[in-house]
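1. With the sequence up front, the predicted model follows.
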Amino acid sequence: MRGEEAMSPLSSFTFVRHTDGLSHHFERAGERHGRPAFRRTDGNVWCVWSPTDGWHCEISDGLVTAHPLGGRADGPEPPATVWRSFKNDRSYLYDLRTALGAE
């Protein structure tokens, strides 16, 4: 668990797909709605928080493409849990993994 006093803010994370291990790396890229925003390093996909959608991923036109499972997530950072992506007729499960303690 991330303790506020000992841990620095999240600077990056990786989504790892359940079916085949494909990974997508995200790095912090400013803020949106007063919370950190993260951009996928190989494309124009963002992981952001909004008052209407909570934490989610979206593409450049604002189309939401992923949410954490288990309901709306409103914490200060994207939750390290299972996320479901959806695009056209496809849907995948991903683990959001952080590298705690990495410098």
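-> Received the coordinates, thanks.
2. Please make it C-alpha for all contacts and neighbour counts, starting now.
-> Noted.
3. Neighbouring strands - and their directions - for the longest strand along the chain?
-> Counting residues, the longest strand found in the chain (DSSP state E) is strand 23-32. Under the criterion DSSP bridges, strand 23-32 sits next to strand 12-17 (antiparallel), strand 35-40 (antiparallel) in its sheet.
4. out of those, which comes closest to residue 85?
-> Each of the strands paired with strand 23-32 has some distance to residue 85 by C-alpha to C-alpha; the shortest is strand 12-17, at 9.6 Å.
5. For this structure, which segments count as strands?
-> 12-17, 23-32, 35-40, 45-50, 54-59, 64-68, 82-87, 90-97.
6. In PDB, could you pull the C-alpha coordinates for the longest strand of the chain?
-> Listed in PDB are the C-alpha atoms of strand 23-32, where the atom choice follows Å, rounded to 0.1, in the frame of the first residue of the first chain:
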ATOM      1  CA  SER A  23       2.200  -4.300 -22.200                       C
ATOM      2  CA  HIS A  24       1.500  -0.600 -22.700                       C
ATOM      3  CA  HIS A  25       3.700   1.800 -20.700                       C
ATOM      4  CA  PHE A  26       2.300   5.100 -19.500                       C
ATOM      5  CA  GLU A  27       4.300   8.100 -18.100                       C
ATOM      6  CA  ARG A  28       3.000  11.200 -16.300                       C
ATOM      7  CA  ALA A  29       2.400  14.100 -18.600                       C
ATOM      8  CA  GLY A  30       1.000  17.000 -16.600                       C
ATOM      9  CA  GLU A  31      -2.400  17.200 -14.900                       C
ATOM     10  CA  ARG A  32      -6.100  17.200 -15.800                       C
END
